[in-house]
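S.K.: Provide a 3D model corresponding to the input given below.
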Amino acid sequence: MIFGIGDVLGVATKAKVSALFVILMLFLVGFMTGVLPPDIIKLAGLTDIGKWSLIFVVFSMGTSLNIKQLIAEWRTVAVAVLSMIVLIAGSVVLIPVIGYQETIVSIPIINGGIIATQIMTSAAMDKGFAMAAALGTVLYAVQKFVGTPVASYFGLRAAKEALA
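M.R.: Numbering: from 1, shown residues only. Sure thing, here's the model as predicted:
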């Protein structure tokens, strides 16, 4: 039901409101109010499936890479590399402020997406770093909340230019 609500709102708003953001917020409210049990993923039997699905998604992304397109999109690659450099520099500053574990968990989440969030929060929880996992999840939700409207705007603008 939660995923359905997220999808409906995402489609209805033409991705101006991210389906994933709605889903994350509904889970957060559900957990905080006690409507959803804290171990809902385990109760649904999705713990092991979730671990395997990440491997398949990452493998699929790697095999779909087209080197000619990557070369043609050199500006995108340059911006991605520059963003990683900025994040590394930011990490050096953040480690003394928020802590080593929290910073290490946050770096891939800021650079990546939902898969990076799942991998890093799972690893943090396995190591007993609950605060680092929570920070990573909050960072991802904030990133989606702030970044999705901007990405939607520019994506729609580029699509209209391409159609014209």
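S.K.: which is the next helix or strand following the lowest-mean-pLDDT helix or strand in the chain?
M.R.: Scoring the helices and strands of the chain by mean pLDDT, DSSP states H and E places helix 47-63 at the bottom, with a mean of 68. Next helix or strand after helix 47-63 toward the C-terminus (DSSP states H and E): helix 67-72.
S.K.: Now do that following helix: distance to the chain's middle.
M.R.: 25 Å (CA atoms, centre = their mean, to the nearest Å).
S.K.: Same question for stretch 104-112.
M.R.: Computed by CA atoms, centre = their mean, the chain-centroid distance of stretch 104-112 equals 9 Å.
S.K.: If you count neighbours, what's buried in it?
M.R.: Residues Ile104, Val105, Ser106, Ile107, Pro108, Ile109, Ile110 are the ones in stretch 104-112 that count as buried (16 or more other CB atoms under 10 Å). Any C-beta I mention is one placed from the backbone N, CA and C, and that applies to glycine too.
S.K.: can you list contacts of it?
M.R.: 83-84, 87-88, 91, 94, 98, 116-117, 119-121, 123-124, 129, 132-133, 135-136, 139-140, 143 (CB atoms under 8 Å, 6 or more residues apart in numbering).
S.K.: State the mean pLDDT of it.
M.R.: For stretch 104-112, mean pLDDT is 83.
S.K.: Out of the buried residues of stretch 104-112, which is nearest to Leu28?
M.R.: In terms of CB to CB, no member of the buried residues of stretch 104-112 lies closer to Leu28 than Ile109, at 16.1 Å.
S.K.: what about stretch 135-146, average pLDDT?
M.R.: So the average pLDDT for stretch 135-146 ends up being 86.
S.K.: How about stretch 14-31?
M.R.: Mean pLDDT, computed over stretch 14-31, is 83.
S.K.: before we move on, the earlier item: so of the buried residues of stretch 104-112, which ones are in helices?
M.R.: Taking DSSP state H as the definition of helices, those contribute Ile104, Val105, Ser106, Ile107, Pro108, Ile109, Ile110.
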